[in-house]
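Enquirer: model the following, please.
(chains A, B, C and D)
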Number of protein chains: 2
Amino acid sequence: MNYLGTRLRELRESQGLLLRQVAAQIDVDTALMSKLERGERRAQREHIIKIATVLNANEDDLTVLWLADKINDVIQDEPMANKAVKLIEKNLK
Amino acid sequence: MNYLGTRLRELRESQGLLLRQVAAQIDVDTALMSKLERGERRAQREHIIKIATVLNANEDDLTVLWLADKINDVIQDEPMANKAVKLIEKNLK
DNA sequence: CTTATATTTGACAAAAAGTGACAAGTCAAT
DNA sequence: ATTGACTTGTCACTTTTTGTCAAATATAAG
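Expert: Residues are numbered from 1 along each chain as shown, chains lettered A, B, ... in the order given. Okay, the predicted model is just below:
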């Protein structure tokens, strides 16, 4: 599961952009951009902001995906994950 | 919000145990035990296992609280947290 | 088959974050 | 004042994360 990366690739390809081009605009190595798309590295908040601009996407939407990935990193392979998530949800807002 | 620590303190006090006593049994410094209860440090999985035994608690129950704390660490102060959590919940199991 | 371009991978140093102990501190009760 | 329980600050150490570089692997075109 790699919410953000999957979405980034969609956005980039639908606009006919190369990794190199996006990477240059957000000022990171092409290799890192590749890793972000494949979920091998997690983006920084700053990356999200810049990427949203470059790919004409909504920053909040990307942030949701980014957070979801980070939550998944925490609960992956945890049998009690569902209960923990429900507990969090119950106490949200 | 400090799910696990709050529960640990409840359990310990309800059994009339001292920090020192619990700490000794799980083989950590009293200071660390204090921090775990106040949420200043996050426990290790191994700690959870030992603590469950010492405090006669259910390991899975404590694990849920422990995971919830870790999820909170990720989403704290994030305005989009609720949407991220809902996304995770939707795709659970 | 060679070349050219796009993407991926592995390895690495640097940076950041996390860890737990120790010593010193506070606080309450005596 | 002393004692006992707990808390706090600091620190060295370890682990994890980060992003780049260079090399490797596609993929497509000639």
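Enquirer: what about A:Ala84, neighbour count?
Expert: Counted by other CB atoms under 10 Å in any protein chain shown, the residues lying close to A:Ala84 total 24. Bear in mind the C-beta positions are built from the backbone N, C-alpha and C, glycine included.
Enquirer: DNA strand C contacts on chain A?
Expert: Within chain A, the positions near DNA strand C by CB under 7 Å from any atom of the strand are A:Leu18, A:Leu19, A:Arg20, A:Thr30, A:Ala31, A:Ser34, A:Lys35, A:Glu37, A:Arg38, A:Glu40.
Enquirer: ok, and the most crowded of those residues?
Expert: Using other CB under 10 Å as the neighbour criterion, A:Glu37 leads the residues of chain A next to DNA strand C with 23 neighbours.
Enquirer: contacts for the strand or helix carrying that residue next, please.
Expert: Element membership of A:Glu37 [criterion: DSSP states H and E] is helix A:30-38. Identification of contacts with helix A:30-38 by CB atoms under 8 Å, 6 or more residues apart in numbering or on different chains yields A:2, A:4-6, A:8-9, A:12, A:19-20, A:22-23, A:26, A:40-43, A:47.
Enquirer: can you tell me which of these are in helices?
Expert: A:Leu4, A:Gly5, A:Thr6, A:Leu8, A:Arg9, A:Arg12, A:Leu19, A:Arg20, A:Val22, A:Ala23, A:Ile26, A:His47 (DSSP state H).
Enquirer: nearest to DNA strand D among these?
Expert: Distance to DNA strand D across the ones in helices among the contacts of helix A:30-38 (CB to the nearest atom of the strand) is lowest for A:His47, with 6.6 Å.
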